[in-house]
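here's my sequence, what's the structure:
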Amino acid sequence: MSQTTSTGTPAVALDSIAAGRYFWEDLPVGFKYQTSSRTITESDIVSFAALTGDMNRAHVDDETARSGLFGKRIAHGLLVESYMAGLNTRTIVNQLLEPSMLALLGTECRFLKPTFVGDTISVEIEVIETRPSSKSDRGIVKFRRSAISQRGEVVVECIVSMMFKRRGSE
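Predicted coordinates:
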């Protein structure tokens with residue numbers, strides 16, 4: 001896992017790591033990290049369809065999907081987005097941020113390419129914007145999360161806005 005700024009310098013002071021907690025100030029623009037991977041299975045798609053009630057034929061009907069745009073069934077975009085969030089929560093960076101997380105403010109996703117049964121995705125995450133909030137003890141961070149397939153293609157890209165505690169706010 002790479003944790004550097006765009007200039008290649010360490011992004012977080014060692015004392016922050018030793019304290020076991022990151023704050024808003026520890027997330028400069030350009031900070032990047034990557035998740036482990038996950039393979040999308042037939043069971044994932046069927047379970048997601050049952051859980052959400054999204055029985056769109058592009059996801060659950062082989063015959064219809066064969067004659068569709070992609071020639072076979074595709075994973076739900078929101079399933080892939082959910083796995084992106086789940087993969088992020090397993091990173092050390094996220095675990096160090098959790099005590100300072102205050103709120104998920106929003107997500108905006110683009111589904112760029114289909115994800116099929118058997119595709120394996122990992123997520124590249126980059127801080128693309130930071131700003132203080134209207135309250136001095138909080139700050140806003142925008143992350144770009146990109147789901148990368150085993151083919152090296154970005155299949156989903158999300159902009160995720162979150163609010164964090166600022167250092168010294170406790």
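
from now on I want contacts and neighbour counts done on CA atoms only, so please keep to that.
OK.

show me the helices in the protein, by range?
14-19, 42-52, 57-60, 62-66, 77-89, 92-97 (DSSP state H).

I'd like those as TSV, with distance to residue 123 and mean neighbour count appended.
Converted to TSV, those look like this (distance: least, Cα to Cα, whole Å; neighbours: other Cα atoms under 10 Å):
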stretch	distance to residue 123	mean neighbour count
helix 14-19	22	10
helix 42-52	18	14
helix 57-60	22	19
helix 62-66	27	15
helix 77-89	6	18
helix 92-97	13	17
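
quick one: closest of these to residue 145.
The closest of the helices of the chain to residue 145 is helix 77-89. By Cα to Cα, the value is 7.6 Å.

I'd like to know which of the helices of the chain lies nearest to residue 33.
Residue 33 lies closest to helix 92-97 among these, at 7.8 Å (Cα to Cα).

quick one: that closest one to chain centroid distance?
How far helix 92-97 lies from its chain's middle: 13 Å, per Cα atoms, centre = their mean, to the nearest Å.

any weak-confidence spans in this structure?
Within the chain, the stretches with pLDDT under 70 are 1-19, 170.

need the contact list for residue 89.
residue 95 (Cα atoms under 8 Å, 6 or more residues apart in numbering).

and it, how far from residue 82?
Distance, residue 89 to residue 82, by Cα to Cα, to the nearest Å: 11 Å.

was I right to think residue 137 contacts residue 163?
No. Assessed by Cα atoms under 8 Å, residue 137 is found out of contact with residue 163, at 10.3 Å.

ok, the two, which is more surrounded?
residue 163 (21 against 15; other Cα atoms under 10 Å).

apart from its chain neighbours, what residue comes closest to that one?
residue 140 (4.6 Å; Cα to Cα, 6 or more residues apart in numbering).

and the one you found, how many neighbours does it have?
Residue 140 has 22 nearby residues by other Cα under 10 Å.

quick one: contacts for it?
By Cα under 8 Å, 6+ apart, the contact set of residue 140 is 24, 130, 131, 132, 133, 161, 162, 163, 164.

give me the subset of those lying in strands.
Those of the contacts of residue 140 mapping onto strands are 130, 131, 132, 161, 162, 163, 164, per DSSP state E.

any idea how far the first one is from residue 147?
According to Cα to Cα, residue 130 stands 22 Å off from residue 147.

look at the two and report which has more neighbours.
A count of neighbours by other Cα under 10 Å puts residue 147 above the other of residue 130 and residue 147, at 29 against 19.

touching, the more buried one and residue 120? I think so.
No. Judged on Cα under 8 Å, residue 147 makes no contact with residue 120 at a distance of 9.5 Å.
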